[in-house]
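# this one's structure only:
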């Protein structure tokens, strides 16, 4: 029996690719990667449901460095899909060699994404991964050249599929026919494909090219205000945002709160100067219960200092000029 290690997002395509191989007796194990942009939750659910082992690796640091400078560039938003797929295959390939798997596979479909899943892009991913000749795409394999795995009899080409194009209807038909009617939705939920998050990430990379994983995690929290080239304010929308901010900041960071009024937690990022602090205080006051007061005191607290500013709350309309949407 051959052994295959598959990139698993937990979406319909990658799950169906695993089932396609399992139906012909291949021993399947999934591998899922966790980064600030996507997690392994859907993959865990799919692996448990279908019944095969799953390896999960956190690749946050190395993935972030790739996202900053992708060789093949970005898609419509900040998604470097060709570079990302190649990186995941490269990392999975290291596991394949170490653990004795015969080949790698994924749920990629020819023509599903015009830029990253055309024939040239699939070849680029394979070559850039460092494991050419070791990658199988079960869902569209009959439309691609015969692989060494098929030639060696590790898989039966006749039992592989010939799906192509953007429609998911063929995958859905196979899922129903194979007694898998309540299949998962498509995709793995990558934030890099989302317009709003991509705008935040562009802003982050522009003003802080050496951004860390924590910086990126903060992009998911609350409202973001670009105060100047030096500084940005992150402002919670609710208690969950406030809690996430506290968890990410730990003992570091400059926190802002209204002194005598309830309101959101904020943090100043970068290297704020006096005018940035005044502007940030006005915005924090604008989103607190004292927004209609003529003056509000805003506390600034850091591990090594504490001070306050009394400011007039900025109008909500004026706040919008600084928001990173």
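Yep, it's here. Note that the structure is a prediction, hence the values are computed from the model and not measured. Numbering: from 1, shown residues only.
# could you look up the SS state of residue 209?
Under DSSP: H, G, I helix; E, B strand; the rest coil, residue 209 falls in the coil class.
# longest strand anywhere in the chain?
Using DSSP state E, we find that the single longest strand of the chain is strand 27-34.
# parallel or antiparallel, which strands does that strand pair with?
The strands beside strand 27-34 in its sheet (DSSP bridges) come out as strand 3-7 (parallel), strand 54-58 (parallel).
# ok and the helix or strand following it relative to strand 3-7, angle-wise?
For strand 27-34, the following helix or strand on the C-terminal side (DSSP states H and E) is helix 41-50. Orientation of helix 41-50 against strand 3-7 (axes from the mean of the first three to the mean of the last three C-alpha atoms, to 10 degrees) gives an angle of 140 degrees.
# quick one: average pLDDT of helix 41-50?
Averaged across helix 41-50, pLDDT comes to 94.
# do stretch 68-88 as well
So the average pLDDT for stretch 68-88 ends up being 95.
# check stretch 254-262 too.
For stretch 254-262, the per-residue pLDDT averages 96.
# skipping its backbone neighbours, what lies nearest the spatially most central residue of the chain in space?
With distances taken as C-alpha atoms, centre = their mean, residue 37 lies nearest the centre of the chain, 1.8 Å away. Leaving out its chain neighbours, the residue that sits closest to residue 37 by C-beta to C-beta, 6 or more residues apart in numbering is residue 191, at 4.6 Å. Where C-beta positions appear, they are placed from N, C-alpha and C, glycine not excepted.
# one more: residue 309?
With C-beta to C-beta, 6+ apart, the residue lying closest to residue 309 is residue 281, at 4.6 Å.
# how about the secondary structure of the one you found?
Classified using three-state DSSP, residue 281 is helix.
# for residue 218, see how far away residue 52 is.
36 Å (C-beta to C-beta, to the nearest Å).
# so what's the residue count around residue 238?
10 (other C-beta atoms under 10 Å).
# picking that back up, isn't the residue nearest to the centre of the chain up against residue 63?
Yes - Residue 37 is in contact with residue 63 according to C-beta atoms under 8 Å; the separation is 7.4 Å.
# state the pLDDT value of the residue nearest to residue 309.
98.
# ok, now which ones touch it?
256, 298, 300, 309, 311 (C-beta atoms under 8 Å, 6 or more residues apart in numbering).
# helix/strand/coil for the third one?
Spelled out, it's residue 300. strand.
# neighbour count winner among residue 52 and residue 218?
Neighbours were counted for residue 52 and for residue 218 using other C-beta under 10 Å; residue 218 has more, 24 against 19.
# now do the phi/psi pair for the more buried one.
Phi and psi for residue 218, reported as degrees, to the nearest 10, are phi -70, psi -20.
# against residue 248, how distant is it?
6 Å.
# next: residue 3.
Taking C-beta to C-beta, one finds residue 3 at 39 Å from residue 248.
# neighbour count for those two, which is higher?
residue 248 (18 against 15).
# and that one, what is it in contact with?
214, 217, 218, 221.
# what helix or strand does it sit in?
Under DSSP H and E, the secondary-structure element containing residue 248 is helix 239-249.
# C-terminal to that helix, what's the next element?
As the chain continues past helix 239-249, the following element, by DSSP H and E, is strand 254-258.
# and for residue 144, the neighbour number?
Neighbour number of residue 144 under other C-beta under 10 Å is 17.
# my read: it touches residue 108, true?
No - with contact defined as C-beta under 8 Å, residue 144 does not count as touching residue 108 (9.9 Å).
# now do the shared contacts for the two.
Contact criterion C-beta under 8 Å, 6+ apart; residues shared by residue 144 and residue 108: 122, 137.
# which regions of the stretch 101-250 of the chain sit below the pLDDT cut-off?
185-188 (pLDDT under 70).
# quick one: the strands in it, in order.
For the stretch 101-250 of the chain, applying DSSP state E, counting those that start in this stretch gives strands covering 103-105, 135-136, 223-226, 231-235.
# who's in contact with the last one?
Residues outside strand 231-235 that contact it (C-beta under 8 Å, 6+ apart) are 203, 207, 218, 221-227, 245, 256, 264-273, 276, 279-280, 283-284, 287, 322, 324.
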